[in-house]
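Novice: got a structure for you, letters missing:
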């Protein structure tokens, strides 16, 4: 997308240059021809006053009429010219030689060309007409703008209605489960506003907190961009649906260490590529959930089989099978750190921070043509979320599982350290050099010569000690090798 | 209410969206495009450039995030409107389609 925009912009600039130049020439030429033909017309009128003047008068009077009338008038003129010239040529050439014929041949040739010129004049007056019809492009543009504004207002209102419908249906459940529903971030105290936080014309946030075992829950209603006409048109090609994204941050002590995901196959493949934790810990491809009775559309990604066994209890399976069409992805992870960050090579010195989170992404049914009533069907999904929170708290890996999990995490850390080993070495070296430089500067800056001498001696002694240590190490290694 | 609060309910408004700019660059691109087109329209006296600039600034406004300040939006909008007006003052003829 980004490249496409840049490409289009770059293309437009030279194209507009060429068009601009063309426009200038065109205008110039037209004006020139018009001037010439003005005089030419007068010349012709003086020669054949009788035949031409009535038609000329007609054309000047009917200036406001459409160009076609003038064209017809000019066409008749041309025919008259041709006839008149032919007649003149015939009558006059008879008593003369062939030489005279040549002259008269040129004359019929010249006059048709003069007759052609008046036709080109016709185009220019069409633009100079002061009728509204010639401004059709502008009217089109303004109509387009009005349509865009109308769509903006309609789309904004619809998104608003959908969001409030969702909130009204879910309010009770949320308020019974969370102490704090809705928070702006502006108040200093923890009072629930009980309102959605509108971030955008199509994104609404809700922060709930105050429940055992979870730090908080952020719900994002990501609607389609109904307020943008371009988006609406694009959606006609490619149907998409509104999404509800829920992110529950768990307390550290309330969740064991595992990584697990369930969702549509497409979504899981994409998540596995994008998400840092899924790509590192879940190495297999998404497996079908048919073993547990899940429908074919859903697949499972997990760190180890035991986690899947533990997660897929009867109630969870019930939830997943009944609402499979609305579930896009469900991800439980204790190493969640967001999508993979594209970092430059020199910057990666620390593992990104991880947080224990449960992520849910639901699709609103209706794929774009949702009505506020559809929001009610999402209510059971919210109960699933709450059930999952409790379940995540209760679920504990047994000893084997825990060992495997710890091994996995250690492995990931090692890999990371290896990757950054070189960088960390360089960083350490640069730090050491800086320390030395700082010391030397201090020594130089000391005005008292005695202090200088003492500091220098101290530095020398430190360096000698370091050398001795290194030598000891080398000796030890040699001994071990032997 | 079901949940017995073990601890003090932590409010902590979310530091939402560490990278909102990365996720949807549309309004920024549209802003830039709008300004480029309006400068083209002003300098090269092309009417259609100016009209496209108006459209771009409208699209940018529709897609904007609430965190973005309105000053930039208004400035690009004003620039595109001025490009259209100047093109018509200099050349009152109606716009001819480029085809």
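Specialist: Cool, the structure landed. Predicted model, so just to flag it, every value in this text is computed and none were measured.
Novice: what's around the residue nearest to residue B:90 when sequence neighbours are not counted, how many residues?
Specialist: Leaving aside its chain neighbours, residue B:90 sits nearest to residue B:45 (5.8 Å; criterion: Cβ to Cβ, 6 or more residues apart in numbering or on different chains). For glycine as for every other residue, the C-beta is placed from the backbone atoms N, C-alpha and C. Applying other Cβ atoms under 10 Å in any protein chain shown, we find 17 residues neighbouring residue B:45.
Novice: Quick check: phi and psi at residue A:357.
Specialist: phi -140, psi 160 (degrees, to the nearest 10).
Novice: same thing with the one 4 residues further on?
Specialist: Residue A:361 has phi and psi values of phi -130, psi 120 when expressed as degrees, to the nearest 10.
Novice: you'd agree it is up against residue A:328?
Specialist: Yes. Between residue A:361 and residue A:328 there is a contact under Cβ atoms under 8 Å: 4.2 Å.
Novice: Common neighbours of those two, please.
Specialist: A:243, A:263, A:267 (Cβ atoms under 8 Å, 6 or more residues apart in numbering or on different chains).
Novice: Quick one: those as TSV, columns for distance to residue A:422 too.
Specialist: Putting these into TSV (distance: Cβ to Cβ, whole Å) gives the following:
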residue	distance to residue A:422
A:243	41
A:263	37
A:267	36
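Novice: Now the buried members of the residues you listed.
Specialist: Among the shared contacts of residue A:361 and residue A:328, those that count as buried by neighbour count (16 or more other Cβ atoms under 10 Å in any protein chain shown) are A:263, A:267.
Novice: Of the shared contacts of residue A:361 and residue A:328, which is the nearest to chain B?
Specialist: Nearest to chain B out of the shared contacts of residue A:361 and residue A:328 is residue A:243 (Cβ to the nearest Cβ; 13.2 Å).
Novice: For the nearest residue to the closest one once chain neighbours are set aside, list the residues it contacts.
Specialist: Nearest residue to residue A:243, sequence neighbours excluded (Cβ to Cβ, 6+ apart): residue A:222, at 4.6 Å. By Cβ under 8 Å, 6+ apart, the contact set of residue A:222 is A:202, A:203, A:242, A:243, A:244, A:245.
Novice: now do residue A:217
Specialist: Here residue A:217 is in contact with A:178, A:207, A:208, A:209, A:211, A:246, A:247, A:248, A:249, A:385 (criterion: Cβ under 8 Å, 6+ apart).
Novice: among those residues, which are in helices?
Specialist: Taking DSSP state H, the ones among the contacts of residue A:217 that sit in helices are residue A:385.
Novice: What residues of the strand or helix carrying residue B:43 count as buried?
Specialist: Element membership for residue B:43, per DSSP states H and E: helix B:26-44. Going by neighbour count (16+ other Cβ under 10 Å), the buried part of helix B:26-44 is B:26-42, B:44.
Novice: and if you look at stretch A:287-299?
Specialist: Result for stretch A:287-299 [16+ other Cβ under 10 Å]: buried residues A:289, A:292, A:294, A:298, A:299.
Novice: repeat for stretch A:262-274
Specialist: A:262, A:263, A:264, A:265, A:267, A:268, A:271, A:272.
Novice: returning to what we had before: okay, and which of the contacts of residue A:222 map to strands?
Specialist: Counting by DSSP state E, the part of those found in strands is A:203, A:243, A:244, A:245.
Novice: now those in a markdown table, with distance to residue B:66?
Specialist: As requested, the ones in strands among the contacts of residue A:222 are exported to a markdown table (distance: Cβ to Cβ, whole Å):
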| residue | distance to residue B:66 |
| --- | --- |
| A:203 | 9 |
| A:243 | 19 |
| A:244 | 19 |
| A:245 | 18 |
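Novice: how about those in JSON lines, adding pLDDT?
Specialist: Formatted as JSON lines, the ones in strands among the contacts of residue A:222 follow (pLDDT from 0 to 100):
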{"residue": "A:203", "pLDDT": "86"}
{"residue": "A:243", "pLDDT": "84"}
{"residue": "A:244", "pLDDT": "86"}
{"residue": "A:245", "pLDDT": "86"}
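Novice: Quick check: neighbours of the helix or strand harbouring residue A:263 in the sheet, parallel or antiparallel?
Specialist: Applying DSSP H and E as the criterion places residue A:263 in strand A:259-264. Note on strand A:259-264: by DSSP bridges, its sheet partners are strand A:298-302 (antiparallel), strand A:327-336 (antiparallel).
Novice: As CSV, those with distance to residue A:407 would be great.
Specialist: Shown next, in CSV, are the strands paired with strand A:259-264 (distance: least, Cβ to Cβ, whole Å):
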stretch, distance to residue A:407
strand A:298-302, 16
strand A:327-336, 14
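Novice: Nearest to residue A:280, out of these?
Specialist: The closest of those to residue A:280 is strand A:327-336. By Cβ to Cβ, the value is 7.6 Å.
Novice: tell me the mean pLDDT for that closest one?
Specialist: Throughout strand A:327-336, pLDDT has a mean value of 84.
Novice: repeat for stretch B:29-37
Specialist: pLDDT averaged over stretch B:29-37 gives 91.
Novice: How far does it sit from its chain's centre?
Specialist: 8 Å (Cα atoms, centre = their mean, to the nearest Å).
Novice: What are the phi and psi values at the residue in the stretch 251-400 of chain A positioned nearest to chain B?
Specialist: Proximity of the stretch 251-400 of chain A to chain B (Cβ to the nearest Cβ) peaks at residue A:338, 7.6 Å away. When quoted as degrees, to the nearest 10, the phi and psi of residue A:338 stand at phi 90, psi -180.
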